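>>> Give me coordinates for this.
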Amino acid sequence: MLKSIKSGFWLLLFISMLFGAPSVFAQGLIRDSEIERTLRIVTEPIAKAAGVGRISVFIINSNNPNAFTTGSNNVFLSSGLIRRLKSVEMLQSVIAHEIGHITGGHITQRAANIGSANTAVGLGAILGVLTAAAGGGGGALGVAAATQSIGQRNFLSFSRGQESAADQSGVRYMARAGIDPSAAIDVLQIFKGQEALSVGRQDAYALTHPLSSQRISDLETFVAAYQGRPSTQSPNVDYWYARSLAKFNSFIGSPKGILRKLKKSDTGEIATLTRAIAYHRLPNKKKSLTAIKRLIAMRPKDAYYQELYGQILLENGNSSSAVAAYSKAVRMLPKDPQILAGLGRAQLAAKSGYTAKAALSTLKKSYARDPRNGRMLRDLGVAYAKTGNPGMASVTTAERYALASNFKQAEIHAKRAIRLLPEGTTGWRKAADILAISKRLSKGRKKK
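Take a look at the predicted model:
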């Protein structure tokens, strides 16, 4: 029986997982442990000033600048917006504005009912709706159809009165947190004048955050009320923001263009980090490794530099050394789910000394701490398959497709998991839940 499964099902499963990964829609998330830590540091004082508890900030892989919230303390920022902002205070002002929508009760009941972002499936449904609402397409449109016409561009928009109220609240929260609120004006100035353009030429931020000269004037009045207050923001925030921005620019931008902008005389930490990533992407293995080793020499106890070292080694085919680098990072941050995911991926790729069983153990620890990592789900599915558990491989693959808002493929793998797993087990119940959600969304598509 095991041989027949191995020769048939496993082959199809590996083809699916290795070569049939979901398309990268606009709603794909950017996951990076260091950047997400920076966002927590950036957001925490504002959330505290607003009295809302912890805010989860998600980064959407899209060059189109935008920011929005679905309530439930979830804020979404596009990579395009983050890269256009010129300071950490500008980033904080955007987050403060979105928190203002949450505290102001501006989130519609439809948005509140989309689902929970705590699971891969729930987050996939949210991202599908948001992409369709922002004018996206692909699998996300099926999700939007199931939510009864919420896939409209103005779903993400608020009235001008609500935008003004969120402006005022955001400025107040920043001032309470000891952050200069004038950065909020700088953000709006980036998009000033876009209302005169045709809809097709406007940036998404201008479409979903209605602008007007009156709104900017009102914002200037709000900010003026807090002028002269001393900033109590920790200078450490600027350091972590600079590191995160270097990662954004180096991983997303043109590596040659990024390198041209660097002064040869600049041998500082941020410039060295930029070179390590840009040279890796060219690719120039020798220069990339030289730069990352220099970074580690600067900060030998920095888990994120060890993680980056492991990534560079792994993507250059040196899986055994990558395991060593990731293992060192895990010793420094043993509960970080993404560093654990990197170690599991390296263990899975290692040709000797590590087994799929060890990788499975590591990846399960990562999953337990954060199940919303598409790459981790892909690796976990492979690890399950390699260790003789095709049922869990299928349910994990179903979760991965659901996270990518591809519920049609999620349904296929969920059905396979239900056939393979004992009824009533955790994996079986998870597959049944995915199947139920997928069928509900499919029904919504047919009605449309």
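>>> Now do the same contact list for residue 245.
Neighbouring residues of residue 245 by C-beta atoms under 8 Å, 6 or more residues apart in numbering: 82-83. For every residue, glycine as well, the C-beta is placed using N, CA and C.
>>> Surely it is in a helix?
Yes: counting by DSSP: H, G, I helix; E, B strand; the rest coil, residue 245 is part of a helix.
>>> Distance of the residue nearest to residue 84 when sequence neighbours are not counted relative to residue 117?
Spatial nearest neighbour of residue 84, chain neighbours left out: residue 65 (5.4 Å); criterion: C-beta to C-beta, 6 or more residues apart in numbering. According to C-beta to C-beta, to the nearest Å, residue 65 and residue 117 sit 21 Å apart.
>>> what's around residue 234, how many residues?
Using other C-beta atoms under 10 Å, residue 234 is surrounded by 12 other residues.
>>> repeat for residue 227
As a burial measure, residue 227 scores 10 neighbours (other C-beta under 10 Å).
>>> next one: residue 308
Using other C-beta under 10 Å, residue 308 is surrounded by 26 other residues.
>>> cool, the one 3 residues further on as well?
By other C-beta under 10 Å, 19 other residues sit near residue 311.
>>> Three-state assignment for it, please.
Classification of residue 311 by three-state DSSP places it in helix.
>>> What of residue 175?
Looking at residue 175 with three-state DSSP, the answer is helix.
>>> Which helix or strand contains the residue nearest to residue 84?
For residue 65, there is no host helix or strand (DSSP states H and E).
>>> pretty sure it is in contact with residue 77, am I right?
No: taking contacts as C-beta atoms under 8 Å, residue 65 lies outside contact range of residue 77: 9.1 Å.
>>> Which helix or strand lies directly C-terminal to the least confident helix or strand in the chain by mean pLDDT?
When the helices and strands of the chain are scored by mean pLDDT, DSSP states H and E, helix 9-19 comes last with a mean of 33. Downstream of helix 9-19, the next assigned helix or strand under DSSP H and E is helix 33-50.
>>> What ranges does the stretch 151-300 of the chain have for its helices?
Taking DSSP state H, counting those that start in this stretch, the helices of the stretch 151-300 of the chain run over residues 160-176, 183-191, 204-208, 213-224, 235-252, 255-261, 269-281, 285-298.
>>> helices or strands next to the third one in the packing?
Helices and strands touching helix 204-208, by 3 or more C-beta pairs under 8 Å, 6 or more residues apart in numbering; DSSP states H and E, are strand 67-71.
>>> Which neighbours in the sheet does the strand it packs on have, and how are they oriented?
Looking at strand 67-71 with DSSP bridges, its partner strands are strand 74-78 (antiparallel).
>>> Now do the strand it pairs with, average pLDDT.
Averaging pLDDT along strand 74-78 gives 92.
>>> Now for residue 42: which residues touch it?
By C-beta under 8 Å, 6+ apart, the contact set of residue 42 is 88, 91-92, 95, 237, 241.
>>> Identify the residues contacting residue 330.
Counted by C-beta under 8 Å, 6+ apart, residue 330 has contacts 336, 339-340, 343.
>>> Let me know the closest of the residues you listed to residue 274.
Distance to residue 274 across these (C-beta to C-beta) is lowest for residue 339, with 21.3 Å.
>>> Other residues contacting the host helix or strand of that closest one?
Applying DSSP H and E as the criterion places residue 339 in helix 337-349. With C-beta under 8 Å, 6+ apart as the test, helix 337-349 has contacts from 31-33, 36, 303, 307, 310-311, 314, 319, 322-323, 326-327, 329-330, 333, 354-356, 358-360, 362-363, 365-367, 369-370, 373, 375-376, 379-380, 382-383, 386.
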